[in-house]
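J.: Below are the sequence and a predicted model for it; my questions follow.
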Amino acid sequence: MINPAEEFLSPRLKAVHDMAVEGESGLTERRIIDVGSDHGHLSLYSLINDNFAQAVLTDIHKAPAQRSEDTLRMFGYADRTEVYCTDGLDGVTLHEGDIVVMAGLGGNNMVDILSRVKEREDKAFLKTITWVLQPQKSSDRLREYLFTNGFEIKDENACEDRGLFYVLMKVVYNGVPREFTLKEKYIGPVILKRIENNEPLVMGYKDRLDKRFALSQRGDEEIRRMLEEV
Ligand SMILES: C[S@@+](CC[C@H](N)C(=O)[O-])C[C@H]1O[C@@H](n2cnc3c(N)ncnc32)[C@H](O)[C@@H]1O
């Protein structure tokens, strides 16, 4: 199938998209919600491939929100899209079974957005929403929030785009906070399993993860030492 979006969908966003659709059923009845949509490529790709009934795009800034709207209109999908200029999901009504993607945002920003949604939504309803998160930084902070706030990381992987590695995760709310190890926080529970299984993609990323983990431990040790000295 000829796909104009394919040409400009980055390998990173393709991986995010693939994780969003993988293992899901009834997608043609469901919506994809793209928070921080910027250019709107992810939603365009999803709609061109008929993977979702509708796309909802949000961006906190006017220019990218307008860009998203223009992209979808240019390709003839205005009737299957809604675009909001808003912070996260503020003012957006979620529907049962929505798949919410947040890609390219910082982990702290994602925590703020998730916290506000968790605060406002009925908890049984929240369990029907699937989240696909690709934090640009602070994935440790994001995981810590997820573990302690009853969100379960169902899947997690790395992807490579122009020599850079990114982490992406699929998350659902189950309402059960859980304890976690430092490795789970800094490397990720599913990525740890993938490393155990010698999966090539994560093995390419492992060195970086190991270094980051070593740094985090040094930081924790330094903090412990500082506290002991007080
Ligand atoms: C780096 S771009 C990522 C665009 C696209 N999601 C991607 O992964 O290629 C981040 C976009 O998110 C928007 N953004 C940042 N914080 C946001 C927030 N709290 N709510 C909605 N949009 C946000 C920015 O304006 C920008 O357009």
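T.: Thanks, I have it. Numbers count the residues shown, from 1 in each chain.
J.: Please make it C-alpha for all contacts and neighbour counts, starting now.
T.: Fine.
J.: any idea which element the residue most central in space within the chain lies in?
T.: Among the residues of the chain, Leu133 comes closest to the average C-alpha position under CA atoms, centre = their mean, at 1.0 Å. Counting by DSSP states H and E, the element that carries Leu133 is strand 130-134.
J.: from the middle of its chain, how far away would that strand be?
T.: Averaged C-alpha coordinates place strand 130-134 at 3 Å from its chain's average position (CA atoms, centre = their mean, to the nearest Å).
J.: just checking, what packs against that strand?
T.: helix 11-21, strand 99-103, strand 164-173 (3 or more CA pairs under 8 Å, 6 or more residues apart in numbering; DSSP states H and E).
J.: before we move on, the earlier item: I figured the residue nearest to the centre of the chain hits Val101, correct?
T.: Yes: taking CA atoms under 8 Å as the definition, Leu133 is a contact partner of Val101 at 6.0 Å.
J.: joint contacts of those two?
T.: The contact sets of Leu133 and Val101 overlap at Val16 (CA atoms under 8 Å, 6 or more residues apart in numbering).
J.: Look up how far the ligand lies from Tyr166.
T.: Distance of Tyr166 to the ligand, computed by CA to the nearest ligand atom, to the nearest Å: 11 Å.
J.: cool, Arg116 as well?
T.: Taking CA to the nearest ligand atom, one finds Arg116 at 11 Å from the ligand.
J.: Only the buried residues of the helix or strand containing that residue, if you could.
T.: Assigned by DSSP H and E, Arg116 falls within helix 107-120. Neighbour counts over helix 107-120 (16 or more other CA atoms under 10 Å) mark Gly107, Asn108, Asn109, Met110, Val111, Ile113, Leu114, Val117 as buried.
J.: Which of those sits closest to Gly188?
T.: Gly107 (13.6 Å; CA to CA).
J.: Pretty sure that closest one sits against Leu142.
T.: Yes: using CA under 8 Å, Gly107 is in contact with Leu142, at 5.1 Å.
J.: Doesn't Ser43 lie inside a helix?
T.: Yes: looking at Ser43 with DSSP: H, G, I helix; E, B strand; the rest coil, it is inside a helix.
J.: Leaving out sequence neighbours, find the closest residue to it.
T.: Using CA to CA, 6 or more residues apart in numbering and skipping residues adjacent in sequence, the residue nearest Ser43 is Ala55, 5.9 Å away.
J.: Are the host helix or strand of the one you found and the ligand in contact anywhere?
T.: With elements taken from DSSP H and E, the one containing Ala55 is strand 54-59. Yes: shown here: strand 54-59 in contact with the ligand (CA under 6 Å from any ligand atom) through Thr58, Asp59.
J.: Put the alpha carbons of that strand into PDB.
T.: Coordinates of the C-alpha atoms in strand 54-59 are reproduced here as PDB (Å, rounded to 0.1, in the frame of the first residue of the first chain):
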ATOM      1  CA  GLN A  54     -10.300   8.500  15.000                       C
ATOM      2  CA  ALA A  55      -7.300  10.500  16.200                       C
ATOM      3  CA  VAL A  56      -7.300  13.200  18.800                       C
ATOM      4  CA  LEU A  57      -4.200  15.400  18.800                       C
ATOM      5  CA  THR A  58      -3.100  17.800  21.500                       C
ATOM      6  CA  ASP A  59      -0.300  20.200  21.700                       C
END
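J.: what is the orientation angle of that strand with strand 99-103?
T.: Orientation of strand 54-59 against strand 99-103 (axes from the mean of the first three to the mean of the last three CA atoms, to 10 degrees) gives an angle of 30 degrees.
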